[in-house]
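Q: below is the sequence, then the predicted model.
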Number of protein chains: 2
Amino acid sequence: MIQEIKNNYKGLFEDELLEEINQVGTFKEVPEGFELIKPGSYIKSMPLIISGVIKILREDNDGDELLLYFLEKGDTCAMTLSCCLGLHKSEIKAIAETNAKLIMVPIEKMEEWTTKYKSWRNFVFDSYHKRLIEAIETIDSIAFLKMDDRLLKYLKDKTKVTQDTIINNTHQEIAYDLHTSRVVISRLLKKLEQNGNVKLNRNNIEVLHI
Amino acid sequence: MIQEIKNNYKGLFEDELLEEINQVGTFKEVPEGFELIKPGSYIKSMPLIISGVIKILREDNDGDELLLYFLEKGDTCAMTLSCCLGLHKSEIKAIAETNAKLIMVPIEKMEEWTTKYKSWRNFVFDSYHKRLIEAIETIDSIAFLKMDDRLLKYLKDKTKVTQDTIINNTHQEIAYDLHTSRVVISRLLKKLEQNGNVKLNRNNIEVLHI
DNA sequence: AGTCTAATGTAACAATTGTTACTGCACTCC
DNA sequence: GGAGTGCAGTAACAATTGTTACATTAGACT
């Protein structure tokens, strides 16, 4: 396992820390669609992402969803961080967007490493910073963009994290992520197709040049 | 000055740290409306809020604004934190919502204290956590609420931070914070008045029972 | 081939929000 | 008192987004 950690976190963490992670972390492989974090649950370990994409969603009381951001290799979930450090409840939902490999670190180590390793501290600070920026970018999208531009941004972001210009999602799934209705997404996608931005197939969308 | 720090941060910081803050921090008093942070600027010191309310806004390229959250006594600005630690540009704008007293701490101390003081580390982590939660709550509002409920929440939040049921703002100012138009706010306020939630006067709004 | 089902296309309409334009009111300053 | 200014009220309309309902299509399975 240590090799996989090194490949993705080398240069970032001291060797000693890598060794500790190797000893106390457990390797976990999850399939696409796997629900890693449920809202309202307490979290007992935090994930370091080795490969794959995790999507972080906000869910309101009525079960309505909204995509907050994607996590990739080398990322961790800042909400989990703060839940671990502060023992707060999870405020979010995490779903594997693709098959993913993770290392789960027990939360007891968090505080300890924060004191012990400078690299870990910086990693945690940096994760917080990145997530805060991404949350604010999400706010930008919702507040300042109209649905067509939000959809375009969504498609762009998604091709970026998955490294694939083919998006294997139904219109309904996209609608959930953007918190709108399927009909609206179909309507706007059709427009984007007319503009030459995408090519629509059944069960997938080919992103051409955005 | 140390007394003012102690009054607001006692129990939170070790005595040694309080003493350091006293030595390197500078006291600052700003009037309502003062612009503390401009978007795009680099930040050379971080504020610890002693009294008053600071509002944090997001601004897009067209100059459109959106209120992110309010900061109060005992808070600090997480964006500033991350700017200081990572030397990023400011992504936000900070305006004194009321007259306010602050202690400005030079950023060189940030990293040092993070290593040296556990209480400072926890303060920083906690600030990040709080702001992340607040950013996500802002996302909730924009994504899941309609404008009338957003307005209601805005009024509620504002009375809470200012400890005053009278809100001294024009409709236009509220419209800027919520990123909508004056006419929309006037229209909705009128409805709220009819429902008995508020009483409208010239240049101020009295919040009755929300 | 025929049936079923999920995904998508489309039209018609409703609700919400944004925009423009104009009116009236309160206050200040001559 | 009268002019000027900023603020709020209102109406009419436009644009965007959401909703409902139904048709069509592609692929899976017998």
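A: Sure thing, it's come through.
Q: at contact distance from DNA strand D, anything in the helix ranked longest in chain A?
A: In chain A, assigned by DSSP state H, the helix with the most residues is helix A:118-144. No. Helix A:118-144 is not in contact with DNA strand D by C-beta under 7 Å from any atom of the strand; minimum separation 10.0 Å. Yep, even glycine has a C-beta here, placed from its N, CA and C like the rest.
Q: right, is the helix or strand that that helix is followed by up against chain B?
A: Per DSSP states H and E, the first helix or strand lying C-terminal to helix A:118-144 is helix A:147-162. No. Helix A:147-162 is not in contact with chain B by C-beta under 8 Å from any C-beta of the partner chain; minimum separation 10.8 Å.
Q: how far is helix A:147-162 from where the chain is centred?
A: Chain-centre distance of helix A:147-162: 14 Å, with C-alpha atoms, centre = their mean, to the nearest Å.
Q: alpha carbons only: can I get that helix in CSV?
A: Once non-C-alpha atoms are left out, helix A:147-162 reads as follows in CSV (Å, rounded to 0.1, in the frame of the first residue of the first chain):
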residue,chain,number,x,y,z
MET,A,147,-28.8,27.8,-15.9
ASP,A,148,-27.4,27.5,-19.4
ASP,A,149,-24.0,28.7,-18.3
ARG,A,150,-24.1,26.6,-15.1
LEU,A,151,-24.8,23.5,-17.3
LEU,A,152,-21.9,24.4,-19.5
LYS,A,153,-19.6,24.9,-16.5
TYR,A,154,-20.8,21.6,-15.1
LEU,A,155,-20.0,19.7,-18.3
LYS,A,156,-16.6,21.4,-18.4
ASP,A,157,-15.8,20.6,-14.8
LYS,A,158,-16.9,17.0,-15.3
THR,A,159,-14.8,16.4,-18.4
LYS,A,160,-11.9,17.8,-16.5
VAL,A,161,-12.1,15.6,-13.4
THR,A,162,-12.9,12.4,-15.3
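Q: please see if it touches DNA strand C.
A: No. Figure legend: helix A:147-162 not in contact with DNA strand C (C-beta under 7 Å from any atom of the strand); closest approach 12.1 Å.
Q: neighbouring contacts of the helix or strand following that helix?
A: Tracing the chain C-terminally past helix A:147-162 and defining elements by DSSP H and E, one meets strand A:166-167 next. Identification of contacts with strand A:166-167 by C-beta atoms under 8 Å, 6 or more residues apart in numbering or on different chains yields A:155, A:158-159, A:204-207.
Q: find the nearest non-adjacent residue to residue A:114, please.
A: Of all residues beyond its chain neighbours, the one nearest residue A:114 is residue A:121 (5.6 Å), with distances taken as C-beta to C-beta, 6 or more residues apart in numbering or on different chains.
Q: got it, and residue A:68?
A: For residue A:68, the spatially nearest residue (C-beta to C-beta, 6+ apart) is residue A:56, at 4.6 Å.
Q: near chain B, which residues of chain A show up?
A: Taking C-beta under 8 Å from any C-beta as the measure of proximity, chain A contacts chain B at A:58, A:60, A:62, A:64, A:66, A:68, A:78-79, A:82, A:85-86, A:88, A:91-92, A:114-115, A:118, A:121, A:124-126, A:128-129, A:131-133, A:135-136, A:138-140, A:142-144, A:179.
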